[in-house]
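Visitor: I would like to see how this sequence folds:
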Amino acid sequence: MSGVNLRTLHHSFWSPTQRSMRSWALAAVVVNAGITVTGAAVRLTGSGLGCPTWPRCTPDSFVPVAHPEISPINTAIEFGNRMLTFLVLAVAIACFLAALRLTPRRPALLKLAILQPAGVLTQALWGGLVVRSALNPVTVSVHFLVSIGMIAAACALYARSGEGDNPPQRLVHRDIRTLGFVLTGSVLALLVAGVVVTGTGPHSGDEAASRFSFDIETVARVHADLVWVAVGLTVALAFALHVTNAPGLARRAALILFLVELAQGVIGYVQYFLAVPAVLVGLHVLGSTLVWIATLRVVFLLRDRGPLPNSAGLNAAAVNAGKRVTSPSSP
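Guide: So this is what the prediction gives:
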């Protein structure tokens, strides 16, 4: 049974279909979101320097070894997160191979797919800088934002692998689509503000790590203001989609985004009033990735690029066959 599963897995990227290509794109979204959250868990458990060197875990070993100054639990957590990078890399390579070997080849998918292994390499090298800088908040913040970029690239790959390659056609009024872009920008600004709050707050990842020198009350207030901006734009977008009778998928996606934002806002305010306990901060990081994914999904559903290439070919063949059947015989 395992042999059959391995053959099926190999077939899914070595002899890909449009369906398996999209499945790998979805896997890329999941693993990139997952390692973003586990990376936050490393910091929240104080394990950021559980492996104090890079690329080795300790100065003498690539794998964890007993060290008198480092907790074995912290070392295991940090090393485990490093090992997850190989899972993300495996999915990234599968995405690239699937896009490379897809028939007919689609250059747009190949360009998006190559961003996955390139992004993993960038993240790994930057992760080394994070360790060598002793978890400097600037390097930690950039590490998270690169992950956000990786998620965006994976979401784009997922969306494009489920549609054709025609020029994009708006499914909504131009101003509504512009509102979707403005909403995306506001959510991105919200994420940037969030990493500034995190870099100013108490969860540094290690006692030796430095912090931003901003006033925590001020940056938290700015972050909260941006939350209200994003929520307001989401409500406006959902209302506009409803009154213009936009496609059902887009209307439902906007509603899902609003509900995710609502849950994220509740977690954010509760963690603030409870002095930011680590568990709630971890949930808030998960929520931020879900808000980002839900936002991108809405934007991609506001336009259409036609049917998949294979589907178009099959439809054309069916139409031609129908014409041959109904056409009068030659004399």
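Visitor: going by C-alpha atoms from here, please, whenever you check contacts or count neighbours.
Guide: Noted.
Visitor: this structure: helices as residue ranges?
Guide: 2-14, 18-44, 72-101, 107-132, 137-160, 174-200, 216-243, 248-273, 278-300, 309-326 (DSSP state H).
Visitor: so what's residue 187 up against?
Guide: Shown in contact with residue 187 (CA atoms under 8 Å, 6 or more residues apart in numbering): 230, 291, 292, 295.
Visitor: what residues are up against the second one?
Guide: Counting by CA under 8 Å, 6+ apart, residue 291 makes contact with 187, 257, 260, 261.
Visitor: can you pull the pLDDT of the nearest residue to the last one once chain neighbours are set aside?
Guide: Nearest residue to residue 261, sequence neighbours excluded (CA to CA, 6 or more residues apart in numbering): residue 291, at 6.2 Å. Here the pLDDT value assigned to residue 291 is 98.
Visitor: picking that back up, quick one: which of the contacts of residue 291 is nearest to residue 125?
Guide: Comparing those against residue 125 with CA to CA picks out residue 187 as the nearest, at 26.8 Å.
Visitor: quick one: the closest one from residue 52, how far?
Guide: For residue 187, the distance to residue 52 equals 34 Å [CA to CA, to the nearest Å].
Visitor: do the same with residue 193
Guide: For residue 193, the distance to residue 52 - CA to CA - is 28 Å.
Visitor: ok, residues contacting stretch 295-304?
Guide: The contact list for stretch 295-304, computed with CA under 8 Å, 6+ apart, reads 152, 155-156, 159, 163, 168-172, 177, 180-181, 183-184, 187, 249-250, 253-254, 257.
Visitor: among those, which ones are buried?
Guide: Listed as buried from these are 152, 155-156, 159, 163, 172, 177, 180-181, 183-184, 187, 250, 253-254, 257; burial here means 16 or more other CA atoms under 10 Å.
Visitor: and the furthest pair within those residues?
Guide: 163 and 187 (25.2 Å).
Visitor: before we move on, the earlier item: worst average pLDDT in the helices of the chain?
Guide: Among the helices of the chain, helix 309-326 scores lowest, at a mean of 43.
Visitor: re the thing from before, dump the contacts of residue 187 to CSV, plus distance to residue 276.
Guide: Formatted as CSV, the contacts of residue 187 follow (distance: CA to CA, whole Å):
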residue, distance to residue 276
230, 22
291, 20
292, 22
295, 25
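Visitor: can you pick the most crowded of those?
Guide: Ranked by the number of neighbours (other CA atoms under 10 Å), those place residue 295 first, at 26 neighbours.
Visitor: state the distance from that one to residue 69.
Guide: As judged by CA to CA, residue 295 and residue 69 stand 43 Å apart.
Visitor: now the residue lying closest to residue 268 once chain neighbours are set aside: how far from residue 250?
Guide: Of all residues not flanking residue 268 in the chain, residue 284 sits nearest, at 6.5 Å (CA to CA, 6+ apart). Distance, residue 284 to residue 250, by CA to CA: 25 Å.
Visitor: again, but for residue 119
Guide: 29 Å.
Visitor: what of residue 158?
Guide: 16 Å.
Visitor: thought residue 136 was touching residue 206?
Guide: No - between residue 136 and residue 206 there is no contact under CA atoms under 8 Å: 10.4 Å.
Visitor: returning to what we had before: correct me, but the residue nearest to residue 268 touches residue 267?
Guide: Yes - counting by CA under 8 Å, residue 267 is a contact partner of residue 284 at 6.3 Å.
Visitor: out of the two, which sits in the busier spot?
Guide: Between residue 284 and residue 267, counted using other CA under 10 Å, the more crowded position is residue 284 (21 against 17).
Visitor: who are the contact partners of the more buried one?
Guide: Residues counted as contacts of residue 284 (CA under 8 Å, 6+ apart) are 264, 267, 268.
Visitor: would you mind measuring from it to residue 198?
Guide: Per CA to CA, residue 284 is found 11 Å from residue 198.
Visitor: repeat that for residue 20.
Guide: Note on residue 20: its distance to residue 198, by CA to CA, is 38 Å.
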